[in-house]
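Colleague: Sequence first, predicted model second:
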Number of protein chains: 2
Amino acid sequence: MYEDWAEQFRVLGDATRLRILMLLGIRDACVCELAAVLPVSQPAVSQHLRRLKQAGLVVEYRQKSWMFYRLRPDLPEHVRRWLADMPVDPGDAAWLRTHHAEAACGLASASDPVRPTN
Amino acid sequence: MYEDWAEQFRVLGDATRLRILMLLGIRDACVCELAAVLPVSQPAVSQHLRRLKQAGLVVEYRQKSWMFYRLRPDLPEHVRRWLADMPVDPGDAAWLRTHHAEAACGLASASDPVRPTN
DNA sequence: TCAAGTCATAAGTATATGCTAATATGCTAA
DNA sequence: TTAGCATATTAGCATATACTTATGACTTGA
């Protein structure tokens, strides 16, 4: 009866996944950006993102060769509140600010990323 | 940085622990009551309660030979909201209603359980 | 003091988890 | 089509977790 709820909590029960969620709370990011910031390998990032996606916490969209991830727009209110209460790592925020997606991923700054409709 | 938060989520990331929390949301209960309701052994219940206690989610108090556990009165608002949003297992609620602590644990019904001051 | 009941702890086991390295897949641009 | 990059998947490993049984510690009442 509580297994689905427990699974939701387990998804949030990893520091790396929480950090990914907070990073995506600053702005959308592609896998290579996350892998550059986080102290784990790219496959590890991919695996975390897969789990977050399966849990319905993030969505993905392709931008040229890059898979961008973003927080799901209609996150459950519980999750929104939790994330709002957690502090953003200043270093993470600075990194995402100084390394714009255009530069980091070679996107032309003129073209705004095409976001999924939902 | 997020390890403490992740740990909080991991504590909630187990169906048995969630069920214990929901049971204690109905009324305080002793270990043997919880072990009677749950499909796990008494040591398993004790181990879960220890973890819940370390996480600051429950407190314990002795009543004769029984160790009663209750939700910590000043639970973080996050947790309160999560618990409020989760459904109570009807079977669990019925069990705690029909098996009063007095009968289940041999307490005289005249004496209200002495609760801790906090 | 002692027997019975209650709970906690210890030891052992099976499964889940998070990571890495290696490899496969897929997209883009020439 | 093909080269090169970005991402996903696989296999393997170390650790964490949840459970059991066995046992120890504590409380109560006779």
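Modeller: Thanks, I have the structure now. Since the model is a prediction, treat every value here as computed from it, not as a measurement.

Colleague: mind checking the SS state of the closest residue to residue A:89 other than its chain neighbours?
Modeller: Distances taken as Cβ to Cβ, 6 or more residues apart in numbering or on different chains place residue B:1 nearest to residue A:89, at 5.3 Å, with adjacent residues excluded. C-beta coordinates here come from the backbone N, C-alpha and C atoms, glycine included. On the three-state scheme (DSSP: H, G, I helix; E, B strand; the rest coil), residue B:1 is labelled coil.

Colleague: ditto for residue A:61
Modeller: Under three-state DSSP, residue A:61 falls in the strand class.

Colleague: Okay, and the beta partners of it?
Modeller: residue A:68 (DSSP bridges).

Colleague: so how far is residue B:36 from it?
Modeller: Distance from residue A:61 to residue B:36, counting by Cβ to Cβ, to the nearest Å: 51 Å.

Colleague: ok, the residue nearest to residue A:89 - contacts?
Modeller: With contact set as Cβ atoms under 8 Å, 6 or more residues apart in numbering or on different chains, residue B:1 has these partners: A:15, A:19, A:87, A:89.

Colleague: Report the two of the residues you listed separated the most.
Modeller: A:15 and A:87 (13.0 Å; Cβ to Cβ).

Colleague: The two: which is more packed in?
Modeller: residue A:15 (15 against 9; other Cβ atoms under 10 Å in any protein chain shown).

Colleague: mind listing the helices for chain A?
Modeller: A:3-12, A:15-26, A:31-37, A:42-54, A:77-85, A:90-98, A:101-105 (DSSP state H).

Colleague: closest one to residue A:71 among those helices?
Modeller: Going by Cβ to Cβ, the one of those nearest residue A:71 is helix A:15-26, 4.9 Å.
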